[in-house]
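Q: model this:
(2 chains)
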There are 2 protein chains.
Amino acid sequence: MPDNLLLDNGQGVIDPDTYFETNSPPSNLNEYDEKTSEFVKYHGARGTPVVLITSGGTMVPLENQTVRFIDNFSAGTRGAVSAEKFLENGYAVIFMHRQFSLQPYSRHYTHSANGFLDYMTLNEEGKIEVDAKYAPSMTETLVKYNKARNNNMLLLVDFVTLSDYLFKLKSFTRIMATLGRSAMYYLAAAVSDFFIPVEKMAEHKIQSRDGALTLTLDQVPKFLKPLVSVWASNGLIVSFKLETDGNLLVPKARQALEKYGHQIVIGNMLSTRKKTVTFITQDSERVMSLDQEELDKDVEIESKIVPELIRYHRAWINHGTLDV
Amino acid sequence: MPDNLLLDNGQGVIDPDTYFETNSPPSNLNEYDEKTSEFVKYHGARGTPVVLITSGGTMVPLENQTVRFIDNFSAGTRGAVSAEKFLENGYAVIFMHRQFSLQPYSRHYTHSANGFLDYMTLNEEGKIEVDAKYAPSMTETLVKYNKARNNNMLLLVDFVTLSDYLFKLKSFTRIMATLGRSAMYYLAAAVSDFFIPVEKMAEHKIQSRDGALTLTLDQVPKFLKPLVSVWASNGLIVSFKLETDGNLLVPKARQALEKYGHQIVIGNMLSTRKKTVTFITQDSERVMSLDQEELDKDVEIESKIVPELIRYHRAWINHGTLDV
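A: Numbers count the residues shown, from 1 in each chain, chains lettered A, B, ... in the order given. Model (predicted):
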């Protein structure tokens, strides 16, 4: 371990309840709780399966009046693409994403080399139009997007900070619990492992002087534990493990399954996450990859991940187990 | 100072040269150098004043294969709005911005509650169109954007990490130095004060265990010094100071002017930065604010900042001093 990273194993980790007691909920929580309740009630009545997708990275402030923060790398591609695939397969989607991260459908036009206006042009009458070279595929995408919105199949909820994320995750999963086994939880967000407790945080912008800055971060409580055992006990819970060291991938995924008792971990490597993932369940382990032909055709691996998860979910709904 | 923040004053700060020797330049530096040289040559020949605007925050990786990083809060609003005002005033603009931060003109449609596709609609023939309620103002904006692009008045360059930013800043300012006093440097980017030197960085994703994580960050070298004294010695250099503690604003701005010997610091507070700024020069100090009427009309303070800077720049070009 490099000399700038020290792990103080003397110090324990607070439990989730303590975290919620010592942090305040986001101001828009009630508003989103209501939307989520309505959405869940609507689809519960129709027997539509509902998936909660978390997507993008959480931000951890280093200062109370935040100028600096620690962030996790995630454009939100996995979550945004997966949301489209779930929608195509008849799922209602609660898309809980980092503000301004990639969103289903619009992802094709944001975070690209093109700026917003580069897709537009002025016609002879000087009226704005979508540039002809983008119009056909954009029309297709808009049709799908409108279908999802008009049929009330897609609920968009955003978060920014770690605490924002955790309060919403707890609240939404408990609301979804009423759906029992027909709820799926697809936890693709890149959630911080470390944070600075409010009481230890600098009130004002950290001043730089000659010298080094030492930050001590506490470990984030393990929220998967109450999520699996209490908040969402009946749903199918899928978590992700992102690693850069291939040797750690499966062991750490297994560790998570044993520790939290949920059903599926999808392991992926930072460098190959767009073409290879590993499905790890209590008693199986399966690598899923795109072959060269699929890569050449720009097939997205989520188009294989999601149908596979839906198969698992059917088994879960019908039998309360994955292996049938 | 809270107990999680320790400043080790025993350790010094490396100088900029050492930084450049121990870090590698971004892969796209040569490509952007060429574009910048052409742009500068083009406008130099026409006597058009050129401003380099830096905008958005720099990212500091905590790991070599980056999963986590420290970031600075900045959507890039100040830089993006200012770019529009400089263009309206006949300046050629090199807009050096954090990837996916706000950009001139397109800023009106990104980072909003609307996603990309929410601006679009399908007409009777099922053809995609810009929604009628956005079309008029979007047309206006597109006209301005096209004018800037078609007249070669706007060069967009992006960066992500601190080192990406610093290598480009050094290279571009040296290229612009050929313009002498008719070059302005408008350094609005939120640049990290601390970083982890490559050799001290964790190779793989930092593993979380029970316990706290301690990160030791070195202070970023003071690049304004060589920028002012060597890279861009003849241009008008405007730097920004963002603070959350009002008592520190002017003293720290004065400190910067004395330390680096440039011409103007624009001080702003995190909470009021969109309606009040303070211009600090070697021998003057001036608060500039929007009154309630202007705020109600959504006047942007950059529409006051930029013309004021242009007045200063004229004096600088004609007399090599700000006070005439």
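Q: okay, CA-based contacts and neighbour counts for the rest of this
A: Fine.
Q: what's the separation between residue A:138 and residue B:24?
A: Applying Cα to Cα, to the nearest Å, the value for residue A:138 to residue B:24 is 39 Å.
Q: repeat that for residue A:311.
A: When residue A:311 is compared with residue B:24 (using Cα to Cα), they lie 48 Å apart.
Q: equivalent analysis for residue A:172, please.
A: 45 Å.
Q: quick one, which of residue A:138 and residue B:24 is more surrounded?
A: Neighbours per residue, other Cα atoms under 10 Å in any protein chain shown: of residue A:138 and residue B:24, the larger number sits with residue A:138, 23 against 11.
Q: got the phi/psi numbers for the more buried one?
A: phi -70, psi -40 (degrees, to the nearest 10).
Q: and residue A:261, by the same measure?
A: Per degrees, to the nearest 10, the residue geometry at residue A:261, taken as phi and psi, is phi 70, psi 20.
Q: name the SS class of the spatially closest residue to it that is not a sequence neighbour, please.
A: The shortest distance from residue A:261 to any non-neighbouring residue, by Cα to Cα, 6 or more residues apart in numbering or on different chains, is to residue A:228 (7.0 Å). Secondary structure for residue A:228, judged by DSSP: H, G, I helix; E, B strand; the rest coil, is helix.
Q: how far off centre is stretch A:184-195?
A: Using Cα atoms, centre = their mean, to the nearest Å, the mean C-alpha position of stretch A:184-195 is found 6 Å from that of the whole chain.
Q: that stretch near chain B anywhere?
A: Yes - for a cut-off given as Cα under 8 Å from any Cα of the partner chain, stretch A:184-195 has contacts with chain B, namely A:193-194.
Q: just the CA atoms of that stretch, as CSV, please.
A: Below are the C-alpha coordinates for stretch A:184-195, written out as CSV (Å, rounded to 0.1, in the frame of the first residue of the first chain):
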residue,chain,number,x,y,z
MET,A,184,-36.1,-5.7,-8.6
TYR,A,185,-33.3,-3.6,-7.2
TYR,A,186,-30.5,-3.0,-9.7
LEU,A,187,-27.9,-1.1,-7.7
ALA,A,188,-25.5,0.2,-10.4
ALA,A,189,-24.6,3.5,-8.8
ALA,A,190,-20.9,4.0,-7.8
VAL,A,191,-21.3,4.7,-4.1
SER,A,192,-18.5,6.2,-2.1
ASP,A,193,-16.8,3.9,0.4
PHE,A,194,-15.5,6.8,2.5
PHE,A,195,-17.0,10.0,3.8
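Q: ok, so what distance separates residue A:285 from residue A:251?
A: In this view, residue A:285 and residue A:251 are 11 Å apart by Cα to Cα.
Q: so the two - more neighbours on which side?
A: When residue A:285 and residue A:251 are compared for neighbours, residue A:285 comes out ahead with 15 against 10, by other Cα under 10 Å.
Q: quick one: low-confidence ranges for chain A?
A: Within chain A, the set of residues satisfying pLDDT under 70 comprises A:1-12, A:66, A:202-211, A:324.
Q: please enumerate the helices of it.
A: For chain A, the helices defined by DSSP state H occupy A:16-22, A:29-46, A:77-88, A:135-150, A:162-176, A:224-226, A:246-260, A:292-296, A:302-319.
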